[in-house]
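Undergrad: can you look at this prediction? I've put the sequence above it.
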Amino acid sequence: MTNPTLKDLGWSPFFATQPDASGGTDGVPMRIASVQRNKATGLSEQGDQRLIYPPGLSAGDVAVGDWVMVDPDTHVIRTILDRSSKLSRRAAGIEAKSQLLAANIDTLFITTSCNEDFNPARIERYVVLALDAGVSPVLVLTKADKAEDTQSYLQQAQEISNKFEAILIINAKDPDQSDRLRHWCGPGRTVAFVGSSGVGKSTLINALTGSEQSTADIREDDAKGRHTTTARSLHFATGGGMVIDMPGMRELGLHDVAGGIDVLFDDITELATQCKFRDCAHISEPGCAVLAAIKAGTLDEARVERWRKLRAEDQLNSETMGQTRRRAREITRQHKAVQAAQGRFKGKPGGKNKSGK
């Protein structure tokens, strides 16, 4: 696209009315198209520009899709504007940190195939991610041309959640079918794709953007794909709008998304308020409304187990370093107390021996 307008890039009153957006000659708005360790690429009405991180700001603080104010002379990022939505996951490592994935998205295309890649638990994770961010989730079931019974996958998808804005079954290589995704594109709109490698994300993005990103077929033995996208990036969609591509993710560690979990499992969340005990773990406690619903056949036990696991994982992954350290200190104190008790029992210094002296 030549000479895009700010609206073409996704600019809206939400960003324009922010105090930091009225920089005048002190700053110009740009949208982050890619993020590297030592630089970022920004898009503006004048085209793309290499951007510099100021002291105190690093690549981990900036997400593809962000709007930033940039010094027009030095190309240094001055401010990251407040985000209308943000996708993040738990970063690798032992610390409870989040890793930014993308920002300022309207629709998340959760992409999976009508084959062994279809995994309800993983799909639920993506839905939680979208709902917690206030982003509309659309489930895209690809490889329809290779599946013997696509309706069975549709039925399974409908059982996962009623929170999808839409569920589409398509052959990504058919342009007429991939064009169905344009309903969610258009000037000022931003969509993003997530899913495992090899499910057809790059093919769909090529169809929407007119680009020629490399694609790769799945392995025949296990239906797993090969990575073709290696970094998150922002692209123009033909006909208007922006598209964010993300590398395939088989593991999505959730971080601080309790709200999204409550929305996705709102039926279980409501039942949990009717339990006899406020701190009910919904495992074996008497008066548990969740267990009663499972016994009555009105609630799927496997789904409840996935709900339990997601809540426990999110709580663990969302601990602050202070909470983690306090928990570690408590474990250490308990360990020392056990050692002291054992020492007294064995007649070591500081405790009584077997004769009581």
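TA: Right, received. Where do you want to start?

Undergrad: please make it C-alpha for all contacts and neighbour counts, starting now.
TA: OK.

Undergrad: quick check: which ranges of this structure have low pLDDT?
TA: Scanning the chain for pLDDT under 70 picks out the ranges 1-2, 22-26, 91-97, 212-230, 248-251, 319-357.

Undergrad: which ones are touching the residue most central in space within it?
TA: Nearest to the geometric centre of the chain sits Leu129, at 4.2 Å (Cα atoms, centre = their mean). Taking Cα atoms under 8 Å, 6 or more residues apart in numbering, we find Leu129 in contact with 87-88, 254, 257, 260.

Undergrad: mind putting those residues in JSON lines, secondary structure, neighbour count and distance to Ala59 included?
TA: Below are the contacts of Leu129 laid out as JSON lines (DSSP: H, G, I helix; E, B strand; the rest coil; neighbours: other Cα atoms under 10 Å; distance: Cα to Cα, whole Å):
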{"residue": "Leu87", "secondary structure": "strand", "neighbour count": "22", "distance to Ala59": "16"}
{"residue": "Ser88", "secondary structure": "strand", "neighbour count": "22", "distance to Ala59": "14"}
{"residue": "Leu254", "secondary structure": "coil", "neighbour count": "25", "distance to Ala59": "21"}
{"residue": "Val257", "secondary structure": "coil", "neighbour count": "23", "distance to Ala59": "23"}
{"residue": "Gly260", "secondary structure": "helix", "neighbour count": "20", "distance to Ala59": "26"}
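
Undergrad: which pair in those spans the largest distance?
TA: Ser88 and Gly260 (12.5 Å; Cα to Cα).

Undergrad: which SS state does the residue nearest to the centre of the chain fall under?
TA: Taking DSSP: H, G, I helix; E, B strand; the rest coil as the rule, one finds Leu129 in the helix state.

Undergrad: how about TSV for the contacts of Leu129, with distance to Thr273 added?
TA: Listed next are the contacts of Leu129 as TSV, based on distance: Cα to Cα, whole Å:
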residue	distance to Thr273
Leu87	29
Ser88	29
Leu254	24
Val257	19
Gly260	17
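
Undergrad: which one of these is nearest Ser202?
TA: Leu87 (19.6 Å).

Undergrad: the closest one bridge partners, please.
TA: Ala102 (DSSP bridges).

Undergrad: alright, that wraps it up for me.
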